[in-house]
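Asker: sequence unknown, structure follows:
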């Protein structure tokens with residue numbers, strides 16, 4: 001049995017999602033126990049580049065049918081189209097689980113990360129794209145404020161651009177407020193499935209970069225565990241507090257980002273290439289979610305200021321979320337990726 005399928009069979013609380021809206025990749029994931037998928041402009045750009053022959057005529061058709069549309073409008077039409085197409089693969093799971101699984105995430109415009117109202121209005125628009133939608137927004141100060149309102153509106157959120165325990169707690173508390181408002185007004189929350197991402201691999205990336213820039217010498221293997229330590233600390237707090245939001249692990253860089261969370265009530269959003277690597281590995285499938293981080297490694301990590309900002313529940317204030325180094329690096333990548341998507345579309349418009 002493939003390792004991911006064995007993971008989901010033995011530990012059904014541990015969900016596997018496909019970190020792409022490619023139908024071919026999603027089908028493989030579902031065959032291996034996958035129950036969700038995600039998109040963002042960078043993912044859509046990569047899928048279009050890889051599968052352009054499959055989408056080129058539809059792109060041309062949208063441009064022809066909308067002679068007055070901007071490249072931004074066409075870009076979002078393509079994002080919705082790819083998401084809609086992939087969502088059909090998940091719809092049976094969505095129906096079977098009453099909305100608790102089988103969702104596909106659409107990401108709000110990264111340019112809105114400082115504006116709660118723009119994030120909310122775009123979330124409402126994207127949520128109407130398909131019935132099994134989940135809506136991503138960055139975990140900035142405005143994003144946290146928007147998550148409460150999205151939840152109140154009945155939208156299942158997926159907090160992204162998130163790297164720290166402080167962000168994860170702020171998201172969970174915002175969702176709890178939104179859910180409480182719905183319950184108070186007699187509105188159902190039965191089908192809602194909020195999740196909060198921690199981009200574990202990007203925590204590692206940022207700390208490696210920070211150590212290099214500061215001339216800090218540390219064993220390379222220790223930095224491979226930083227993101228795992230952050231997720232495990234957030235997971236412990238989530239269980240203690242009884243939050244109704246589920247943690248989601250993203251940004252895969254090593255085996256630990258999968259095999260250290262087996263057995264937990266957690267979502268693992270895994271890119272296709274890492275799914276292949278994990279499935280061909282020889283790791284034993286056993287519950288590891290409660291396995292502690294090597295004490296020596298954790299002690300060394302706690303010597304790093306930027307690790308503590310990610311690891312400690314009060315490591316960042318709400319106002320500091322969007323200024324943390326990993327947030328800045330990732331937001332710039334998302335913004336640049338969106339620009340690249342528009343450039344790709346522009347080639348079909350300016351002819």
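Answerer: Yes, it's here. Since this is a predicted model, take the numbers as computed values, not measurements.
Asker: Next, the spatially closest residue to residue 35 that is not a sequence neighbour: secondary structure please.
Answerer: Distances taken as C-beta to C-beta, 6 or more residues apart in numbering put residue 101 closest to residue 35, at 4.0 Å, once the chain neighbours are dropped. (Each C-beta comes from the backbone N, C-alpha and C, glycine too.) Per DSSP: H, G, I helix; E, B strand; the rest coil, the secondary structure class of residue 101 is coil.
Asker: Quick check: residue 101 vs residue 39, distance?
Answerer: Distance from residue 101 to residue 39, counting by C-beta to C-beta, to the nearest Å: 17 Å.
Asker: and the two? which has more neighbours close in?
Answerer: Comparing residue 101 with residue 39 by other C-beta atoms under 10 Å, the one with more neighbours is residue 39, at 25 against 18.
Asker: contacting residues for the closest residue to the more buried one other than its chain neighbours?
Answerer: Spatial nearest neighbour of residue 39, excluding adjacent residues (C-beta to C-beta, 6+ apart): residue 21 at 4.4 Å. The contact partners of residue 21, taken as C-beta atoms under 8 Å, 6 or more residues apart in numbering, are 37, 38, 39, 43, 44, 47, 82, 83, 85, 86, 104.
Asker: can you pull out the strands in the stretch 251-351 of the chain?
Answerer: 266-270 (DSSP state E, counting those that start in this stretch).
Asker: quick one: which of the contacts of residue 21 is nearest to residue 60?
Answerer: The nearest member of these to residue 60, counting by C-beta to C-beta, is residue 82 at 15.3 Å.
Asker: Three-state assignment for that closest one, please.
Answerer: Assignment for residue 82 (three-state DSSP): helix.
Asker: okay but it is in contact with residue 46, surely?
Answerer: No: using C-beta atoms under 8 Å, residue 82 is not in contact with residue 46, being 10.8 Å away.
Asker: which one of the two has more residues nearby?
Answerer: Using other C-beta under 10 Å, the more surrounded residue of residue 82 and residue 46 is residue 82, with 25 against 18.
Asker: Contacts only, for the more buried one.
Answerer: 21, 39, 44, 47, 48, 55.
Asker: Quickly check those for the two that are furthest apart.
Answerer: So, the contacts of residue 82 by C-beta to C-beta: farthest apart are 39 and 55, at 13.6 Å.
Asker: ok, and the closest non-adjacent residue to residue 85?
Answerer: residue 23 (6.1 Å).
Asker: cool, and residue 340?
Answerer: That would be residue 45: by C-beta to C-beta, 6+ apart, it lies 5.5 Å from residue 340.
Asker: What about the one you found, how many residues nearby?
Answerer: For residue 45, using other C-beta under 10 Å, the count is 22.
Asker: name the element it belongs to?
Answerer: Residue 45 belongs to helix 41-50 when assigned by DSSP states H and E.
Asker: Quick check: buried residues in that helix?
Answerer: Across helix 41-50, burial judged by 16 or more other C-beta atoms under 10 Å covers 41, 42, 43, 44, 45, 46, 47, 48.
Asker: ok, the residue nearest to the last one when sequence neighbours are not counted - contacts?
Answerer: Distance criterion C-beta to C-beta, 6+ apart; nearest residue to residue 48, sequence neighbours excluded, is residue 55 at 5.8 Å. Residue 55 sits next to 48, 78, 81, 82 when contact means C-beta under 8 Å, 6+ apart.
Asker: and the second one, how many residues sit next to it?
Answerer: Read that as residue 78. 22.
Asker: before we move on, which element is it in?
Answerer: Residue 78 belongs to helix 71-96, assigned by DSSP H and E.
Asker: What residues of that helix count as buried?
Answerer: Counting neighbours by 16+ other C-beta under 10 Å, helix 71-96 gives 71, 74-83, 85-87, 89-90, 93-94 as buried.
Asker: try stretch 122-134
Answerer: For stretch 122-134, a neighbour-count test (16+ other C-beta under 10 Å) marks 122, 123, 124, 126, 127, 129, 130, 132, 133, 134 as buried.
Asker: Please apply the same query to stretch 235-251.
Answerer: 235, 237, 238, 243, 245, 246, 247, 248, 249, 250, 251.
Asker: do stretch 269-287 as well
Answerer: 269, 270, 271, 272, 274, 275, 277, 278, 279, 285.
Asker: Name all residues that make contact with residue 90.
Answerer: The neighbours of residue 90, taking C-beta under 8 Å, 6+ apart as the test, are 26, 30, 35, 36, 37, 102, 103, 104, 132.
Asker: could you redo the last one with a cut-off of 7 Å?
Answerer: 36, 37, 102, 103, 104, 132 (C-beta atoms under 7 Å, 6 or more residues apart in numbering).
Asker: Distance-wise, check it relative to residue 99.
Answerer: Distance of residue 90 to residue 99, given as C-beta to C-beta: 11 Å.
Asker: The helix or strand harbouring residue 148: how far from the chain's middle?
Answerer: Element membership for residue 148, per DSSP H and E: helix 141-152. Mean-position distance between helix 141-152 and its chain equals 16 Å (C-alpha atoms, centre = their mean, to the nearest Å).
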